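In: curious how this folds, go ahead:
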Amino acid sequence: MRKTLLTVSVLITAAATAGAQGANAVRLRLDPTSEVTVQGTSSMHDWHCKTDKINAYVDVDPGYTKDLTKVARPIAAVSVNIVVKTLTCGNSQMDRNMYSTLKADENQMIKYTLSAYDILNGSASPTSFAASTNGSLTIAGQTKPIEMKISAERGSDGKAIAQGEKTLLLTDFGIKPPSFMFGSLKVGNEIKVKFTLKAGPELLAQLDAAIHGAGQGGGQ
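Out: Sure, this is the predicted structure:
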């Protein structure tokens, strides 16, 4: 069993090179096709908000593009920041209601930091793995510990995709489920956060080339 740091990170498996963070780590950056969604219910209809404006970093072992079963610590560190007002719900009034509910003027950022993870037994292959992760999540100025299962895969085309989801309660973050239209519309306490984070094959190729070049003293 292997331990380290990871979560949205493994999801940030979906990433592209930005350079080395120290001798034994490479920093990845998200492909712009990555997305985080928030889903919930109300007394009138379900709702869905999303953003592709994700400010994140993940540091990985230089061998990440190789056989993952031979990398003891594939992920070294992860941090994710999302500006609340980049989330959109497809309706300007819904957007304003969500920003008010999440206290976006006072607490502009949703933040996640990975603290630890376990690769799930039997899940690892040369190109994929699943993990149970632990981290901290800050919403509306309140920080809570969070556990989440994620999966990461590198396809035959070189594209890497990491996915996961977590059900949360608004009240866990000090948020009273709001009501609108004089109480005729009531929002449910439970929300589901889902992510799909990606790195295109050209970005992984750059990472692989950078690692190979460093290992050869900068030459092929």
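In: which residues does Tyr99 contact?
Out: Val84, Lys85, Asp105 (CB atoms under 8 Å, 6 or more residues apart in numbering). (Each C-beta comes from the backbone N, C-alpha and C, glycine too.)
In: among the residues you listed, who's most crowded?
Out: Neighbour counts for these peak at Val84, which has 19 neighbours (criterion: other CB atoms under 10 Å).
In: do I have it right that that residue meets Asp105?
Out: No: counting by CB atoms under 8 Å, Val84 stays clear of Asp105, with 9.1 Å between them.
In: still on that earlier bit, ok, the contacts of Tyr99 vs Ser125, which is closest?
Out: Val84 (36.9 Å; CB to CB).
In: distance-wise, check the closest one relative to Thr69.
Out: Counting by CB to CB, to the nearest Å, the separation of Val84 from Thr69 is 39 Å.
In: ok, now Pro177?
Out: 44 Å.
In: for Pro145, same thing?
Out: Taking CB to CB, one finds Pro145 at 29 Å from Thr69.
In: and the two? Which one has more around it.
Out: Just comparing Pro145 and Thr69: by other CB under 10 Å the higher neighbour count belongs to Thr69, 15 against 9.
In: ok so that one is a strand residue?
Out: No: going by DSSP: H, G, I helix; E, B strand; the rest coil, the assignment for Thr69 is helix, not a strand.
In: so it makes contact with Pro126?
Out: Yes: with contact defined as CB under 8 Å, Thr69 reaches Pro126; the gap is 5.8 Å.
In: for the protein, just list every one of the helices.
Out: Assigned by DSSP state H, the chain shows helices spanning 8-11, 92-101, 201-215.
In: show me which positions of the lengthiest strand in the chain end up buried.
Out: As assigned by DSSP state E, the longest strand anywhere in the chain is strand 185-199. Using 16 or more other CB atoms under 10 Å as the test for burial, strand 185-199 gives Val187, Ile191, Val193, Lys194, Phe195, Thr196, Leu197, Lys198, Ala199.
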